[in-house]
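> Here is a sequence together with a model predicted from it:
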Amino acid sequence: MSTRAHIALAVLVALAILVIIRLVRRRHLKAKYSLLWLTLGGFMVIIAAVPGLLDWTADVLGIYYQPTLLVLLGLALLLLIVMHFSYELSRMENRVRTLAEEAAILRHRVAALEREADGIADIDPGIDPDIEPGAPDHDPT
Amino acid sequence: MPAYNEQEALPDTLAGLRRSSLPLDVVVIDDGSVDDTAAIATANGAVCLQLPFNLGIGGALRTGFRYAVENGYRRGIQFDADGQHDPTQIEALLAPLADGADMVVGSRFAGAGAYQVGRSRGLAMNILRWAIRRLAGQRFTDTSSGFRSFGPDVLALFAAEYPIEYMDSVEALVMACRAGFEVREVPTVMHERTAGVASNRSFRLAYHYIRVLVSLANTPKAERPTRITGTTA
């Protein structure tokens, strides 16, 4: 890879890392995801910083056109990151579903309890100062 | 009873269940309907669990299983809101539970009644039937029937874990079999749908058949759950 390409790569990587750190500091990005991207960044830094490393590795692996290795590595890492996201997404969906189910059951229970509480208030208003007789019906239906 | 926008069919279905001589507690799970499903269910004397958004039938069913387990029910029936199931068949569906079965499937094709399906649907059902026979180690004539009864252990299993996507009924069947439960099939008569739209368009159906075959191939041998999350009533 030419020196100019190396400099360009180094600048890009530096920018990317700066953006990641900024996002984390503003808490727009969770630390665990930033680690993922920083690993990718760190990888690129090494490639950018050590001229000849990429060419040498490509030679060892028998790749004739060296930049292919860069693309290959980049794709492999991106694939891993996307897979990780799919995993996280599935987990989140599961949790959201469970929450929705719990919400439905609890909603019913709250409505039943409110009816019960209203009943008690109707019979004996003095039983609990917190329950006002004739309190508005909270039943959402 | 999972219900998604079933306000047309629901009154008749619930009235049919009320006429049943069995002491039934009817729970309608309103799967994020945009019509009056919830109000109609409540007005007709059913308990209504309202999901905040549409989870699909699997999610609605799991909500029902969870409700059953949390409230200490020992038997549960899955019943369609659209009126295609016959309340008079419930007794036949419950009978095997007392006889050692853990789960009972009401089959449209095992003799009683004359329920017709189209040719492509019939072919797809045959492929599924074959796959399920291999996986479940048992033969079923109607794998997608939504008319089922469950004993306490299966209720507990499904409250913790129930297939969430379309064709959940097929996956659930395999799940119960692979968990070592005794699943039986009884012939039942079913009606044509009275109202509402059946949730299958051919493209989606094809996609879901493929998806379900893939996920069936990946069904692990489930362990019987030892703990159910949530509070007991």
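Alright, I've got the coordinates.

> What lies in contact with the helix or strand containing A:Ala14?
Element membership for A:Ala14 (DSSP states H and E) is helix A:3-25. With contact meaning C-beta atoms under 8 Å, 6 or more residues apart in numbering or on different chains, helix A:3-25 is reached by A:1, A:29, A:31, A:34, A:37-38, A:41, A:44-45, A:47-49, A:51. All C-beta spots, glycine's among them, are computed from the backbone N, C-alpha and C.

> Closest one to chain B out of those residues, please.
When the contacts of helix A:3-25 are compared for distance to chain B (C-beta to the nearest C-beta), A:Leu29 wins out at 27.2 Å.

> just to revisit the earlier point, quick check: mean pLDDT of the helix holding A:Ala14?
Mean pLDDT, helix A:3-25: 81.

> how about it: buried residues?
A:6, A:9, A:13, A:16-17, A:20, A:24 (16 or more other C-beta atoms under 10 Å in any protein chain shown).

> If we only consider the residues you listed, which is nearest to chain B?
A:Val24 (31.6 Å).

> Name the residues that touch stretch B:160-176?
By C-beta under 8 Å, 6+ apart, stretch B:160-176 touches A:97, B:55-59, B:61-62, B:65, B:102-103, B:105, B:128, B:132, B:135-136, B:140, B:143-146, B:148, B:154, B:157-158, B:183, B:199, B:204, B:208-209, B:211-212, B:215-216, B:219, B:222, B:225, B:228-229.

> Tell me which residues of the lowest-mean-pLDDT helix or strand in chain A come out buried.
When the helices and strands of chain A are compared on mean pLDDT, DSSP states H and E, helix A:31-49 comes out lowest with a mean of 77. By neighbour count with 16+ other C-beta under 10 Å, helix A:31-49 contains the buried residues A:33-34, A:36-38, A:40-41, A:44-45, A:47-48.

> Which neighbouring elements make contact with the longest helix that chain A contains?
Criterion DSSP state H: the longest helix present in chain A is helix A:67-123. For helix A:67-123, the elements it packs on are helix A:31-49, helix A:53-61, strand B:47-50, helix B:57-70, judged by 3 or more C-beta pairs under 8 Å, 6 or more residues apart in numbering or on different chains; DSSP states H and E.

> Format the ones you listed as TSV; extra columns: distance to A:Leu113.
Shown next, in TSV, are those (distance: least, C-beta to C-beta, whole Å):
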stretch	distance to A:Leu113
helix A:31-49	39
helix A:53-61	67
strand B:47-50	14
helix B:57-70	15
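
> Who's the closest spatial neighbour of A:Leu69, skipping the chain neighbours?
Nearest residue to A:Leu69, sequence neighbours excluded (C-beta to C-beta, 6 or more residues apart in numbering or on different chains): A:Ala58, at 4.4 Å.

> if I pick the one you found, what's in contact with it?
A:64-66, A:68-69.

> how deep is B:Cys50 tucked in, by neighbour count?
Let me fix one detail, which is that residue B:50 is Gln and not Cys. B:Gln50 sits with 23 neighbouring residues when counted by other C-beta atoms under 10 Å in any protein chain shown.

> now the helices for chain B?
With DSSP H as the criterion, chain B has helices at B:10-18, B:37-43, B:57-70, B:90-98, B:119-136, B:152-160, B:168-178, B:202-217.

> and residue 40, what does it touch?
No chain in the question, so chain A it is. Going by C-beta under 8 Å, 6+ apart, the list of residues near A:Leu40 reads A:77-78, A:81.

> oops, chain B please
B:7, B:10-11, B:14.

> Next, find the distance separating the nearest residue to A:Leu29 once chain neighbours are set aside from chain B.
Using C-beta to C-beta, 6+ apart and skipping the chain neighbours, the partner closest in space to A:Leu29 is A:Leu23 (4.0 Å). Separation of A:Leu23 from chain B (C-beta to the nearest C-beta, to the nearest Å) stands at 30 Å.

> What's the separation between A:Leu23 and B:Arg19?
62 Å (C-beta to C-beta, to the nearest Å).
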